[in-house]
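> The sequence and its predicted three-dimensional model are supplied below.
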Amino acid sequence: MAETTKTAKLTLDGKTYELPVLKGTIGPDVIDIRKLYGEADVFTYDPGFTSTAATDSAITYIDGDKGELLYRGYPIEQLADQSHYLEVCYLLLYGELPDKAQMADFEQRVTKHTMVHEQMQYFFRGFRRDAHPMATMVGVVGAMSAFYHDSTDISDPWQREVAAIRMIAKLPTIAAMAYKYSVGQPFVYPKNALSYAGNFLNMCFAVPAEDYVVNPILEKAMDRIMMLHADHEQNASTSTVRLAGSSGANPFACIAAGIACLWGPAHGGANQACLEMLKEIGTVDRIPEYIAKAKDKNSGFRLMGFGHRVYKNFDPRAKVMKQSADEVLDLLGIHNNPLLQVAKELERIALSDEYFISKKLYPNVDFYSGIILEAMGFPTSMFTPIFAISRTVGWISQWKEMIADPTQKIGRPRQLYIGQTRRDYVDVTSR
Ligand code: SDX
């Protein structure tokens, strides 16, 4: 828990209030304002939460100035290079890297939960074939609470644990079913002999008519993409999951809320929007036109995959993803991929432009991921579902941390009211 090292003084209307300053292990201190409204009858005001710590947490640390991302203290670059997704899941959930026996047990527990209830396939049939897979996932993941009643009681630590394993195990199956449904192909059951990433690729691309062999290059690239997206502190979708969970909603409903929030193009939907933007730009010679649009406030256009609320230096995930894009396309024999050329030139031009330099706008995790995913054979509509699969462990880990916190209360922000003052009702005959 944080410790109080000093106090901050606030003077308002001639009265001075002492506010405790709490210190964590690394990162900015926080001013504890929990008693402010009761003592001074004022709220603080921070609509986009640009200066607000909504919780304390021991899971993920980001230093936006240094471009640093730590999962339970381990740098993302080291994990992306030396670990694998299920080991990162264990680390985020339990706080430590597993030994061999712990890893084998965790992998076995996840593998045994990869199938979904057979009845769930009928949910998909209610959707139009051209439904966006994110719409399907929000619906089907929320519906899990109608099937797995034995893991919805959040007061029972064992049920919380089972719900966590079930979601990590079943999200790939549900996302693959959403994809298969959208392309009119039969659902493919999980294969427990395959790795987590390999199983997802098989469920997406295998067909009954012929054998599908998982390409180890794609398997490793998918696993790395999943590690890079696993958690990211108190981002919009994680904050959504925490807020939904603070009311006592069941874990499946909370994750469905997180998926809904992630879908937005300012958040996880940016990977789809970014690739669509790169395709619209099409060739390197059209980049200046789009750079100019991005700088024009009236255009309403932004460079998708660029900028970040926290990173005011490079996003370390984007660096790893860019290197992975080069490797994967090269290994697949895709040389001079036009989208990759446009992306690299766009990055080069933007990073030498005063507008982007002054606003500290760099490529984020969504800038290069779409190029790899498209090379793997995924349609752009599957990019954000893959982000959702990867982030489920982060959402669940943050949710478990919040539920286990004895001081946890329902989240209930206040407001600055700017509407009408009190007035009496007027009958329609007098209006
Ligand atoms: C993710 O929070 C997380 O951790 C998220 C995430 C995670 O892992 O969970 O990292 C995943 O969501 C990554 C971000 C994906 N989104 C995009 O790529 C969409 C494009 N980027 C933006 O819309 C924007 O940069 C945000 C939403 C990412 C951040 O927005 P902020 O922090 O609220 O910044 P802002 O909108 O206040 O912009 C600051 C200035 C503005 O100009 P001024 O009003 O100060 O003159 O920078 C400009 C913006 O107009 N700006 C951009 C821009 N992003 C910001 N201008 C052009 N192109 C852009 N992409």
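Perfect, I can see it now.
> Point out the residues in the protein that sit beside the ligand.
Contacts of the chain with the ligand, taken as Cβ under 6 Å from any ligand atom, map to 48, 232, 235, 266-268, 270, 294, 302-310, 359, 361, 364-366. Placement of C-beta: from N, CA and C, glycine included.
> where does the protein dip in pLDDT?
Low-confidence regions of the chain, defined by pLDDT under 70, span residues 1.
> Residue of the stretch 301-431 of the chain nearest the ligand, please.
G307 (2.3 Å; Cβ to the nearest ligand atom).
> for that residue, what are its contacts?
Shown in contact with G307 (Cβ atoms under 8 Å, 6 or more residues apart in numbering): K359, L361, Y362, N364.
> Count the residues that sit near the residue of the stretch 51-200 of the chain found nearest the ligand.
Nearest residue of the stretch 51-200 of the chain to the ligand (Cβ to the nearest ligand atom) works out as I62 at 7.3 Å. Residues lying near I62 (other Cβ atoms under 10 Å) number 22.
> List the contacts of stretch 351-358.
Contacts of stretch 351-358 (Cβ under 8 Å, 6+ apart): I291, A294, K295, F306, A350, L361, Y362.
> Among these, which lie within helices?
If you go by DSSP state H, the contacts of stretch 351-358 have I291, A294, K295, A350 in helices.
> any chance of those in JSON lines, with neighbour count too?
JSON lines is the format used below for these (neighbours: other Cβ atoms under 10 Å):
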{"residue": "I291", "neighbour count": "18"}
{"residue": "A294", "neighbour count": "22"}
{"residue": "K295", "neighbour count": "16"}
{"residue": "A350", "neighbour count": "21"}
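> Identify the farthest-apart pair in the residues you listed.
K295 and A350 (9.8 Å; Cβ to Cβ).
> one step back: sort out for me which of the residues of the chain next to the ligand are in helices.
Short answer: the residues of the chain next to the ligand in helices (DSSP H) are A270, A294, D366.
> tell me the contacts of the second one?
Residues in contact with A294 (Cβ under 8 Å, 6+ apart) are F301, R302, L303, F306, A350, Y355.
> Leaving out the residues flanking it, which one is nearest to it?
Taking Cβ to Cβ, 6 or more residues apart in numbering as the measure, A294 lies nearest to L303, with 4.6 Å between them; neighbours along the chain are not counted.
> Determine the number of other residues adjacent to that neighbour.
Residues near L303, counting by other Cβ under 10 Å, number 22.
> what does A80 give?
23.
> where's it, which helix or strand?
helix 76-82 (DSSP states H and E).
> again, but for K400
Per DSSP H and E: helix 383-403 holds K400.
> I'd like to know which elements that helix is packed against.
Under the contact criterion of 3 or more Cβ pairs under 8 Å, 6 or more residues apart in numbering; DSSP states H and E, helix 383-403 touches helix 85-94, helix 133-143, helix 157-183, helix 216-228, helix 236-246, helix 251-262, helix 270-281, helix 366-376.
> Tell me which of the ones you listed approaches F200 most closely.
Nearest of the helices and strands packed on helix 383-403 (Cβ to Cβ): helix 157-183, 4.1 Å.
> Could you name the helices and strands sitting against that closest one?
For helix 157-183, the contact count by 3+ Cβ pairs under 8 Å, 6+ apart identifies helix 100-111, helix 121-124, helix 133-143, helix 196-205, helix 251-262, helix 383-403 as packing neighbours.
> any chance of these in JSON lines, with distance to G377 too?
What follows is the helices and strands packed on helix 157-183, written out as JSON lines (distance: least, Cβ to Cβ, whole Å):
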{"stretch": "helix 100-111", "distance to G377": "24"}
{"stretch": "helix 121-124", "distance to G377": "21"}
{"stretch": "helix 133-143", "distance to G377": "15"}
{"stretch": "helix 196-205", "distance to G377": "6"}
{"stretch": "helix 251-262", "distance to G377": "22"}
{"stretch": "helix 383-403", "distance to G377": "12"}
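> Which of these sits closest to V284?
Nearest to V284, of the helices and strands packed on helix 157-183 and by Cβ to Cβ, is helix 383-403 at 22.9 Å.
> contact partners of the helix or strand where G38 lies?
For G38, the host element (DSSP H and E) is helix 36-40. Contacts with helix 36-40, where a contact means Cβ under 8 Å, 6+ apart, come from L10, L12, K15, Y17, L19, V42, F43, T44, R414.
> Figure out how far it is from the centre of its chain.
The chain centroid and the centroid of helix 36-40 are separated by 35 Å, computed with Cα atoms, centre = their mean, to the nearest Å.
> can you pull the buried residues of it?
Of all the residues in helix 36-40, those buried under the rule 16 or more other Cβ atoms under 10 Å are L36.
> Dump that helix to CSV, restricted to CA.
Provided in CSV are the C-alpha atoms of helix 36-40 (Å, rounded to 0.1, in the frame of the first residue of the first chain):
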residue,chain,number,x,y,z
LEU,A,36,-11.8,17.2,0.1
TYR,A,37,-15.6,17.4,-0.7
GLY,A,38,-16.5,16.6,2.9
GLU,A,39,-14.2,19.3,4.2
ALA,A,40,-14.3,22.0,1.5
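> right, and the helix or strand after that helix?
strand 60-63.
> Which strands border the next helix or strand after that next one, and is each parallel or antiparallel?
Tracing the chain past strand 60-63, the next element assigned as helix or strand by DSSP H and E is strand 68-71. According to DSSP bridges, strand 68-71 forms sheet pairs with strand 60-63 (antiparallel), strand 74-75 (antiparallel).
> quick one: buried residues of the longest one?
When you say that, I think you mean strand 60-63. Judged by neighbour count (16+ other Cβ under 10 Å), strand 60-63 contains these buried residues: T60, Y61, I62, D63.
> Please convert the residues you listed to TSV, extending it with distance to H335.
As requested, these are exported to TSV (distance: Cβ to Cβ, whole Å):
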residue	distance to H335
T60	36
Y61	38
I62	35
D63	36
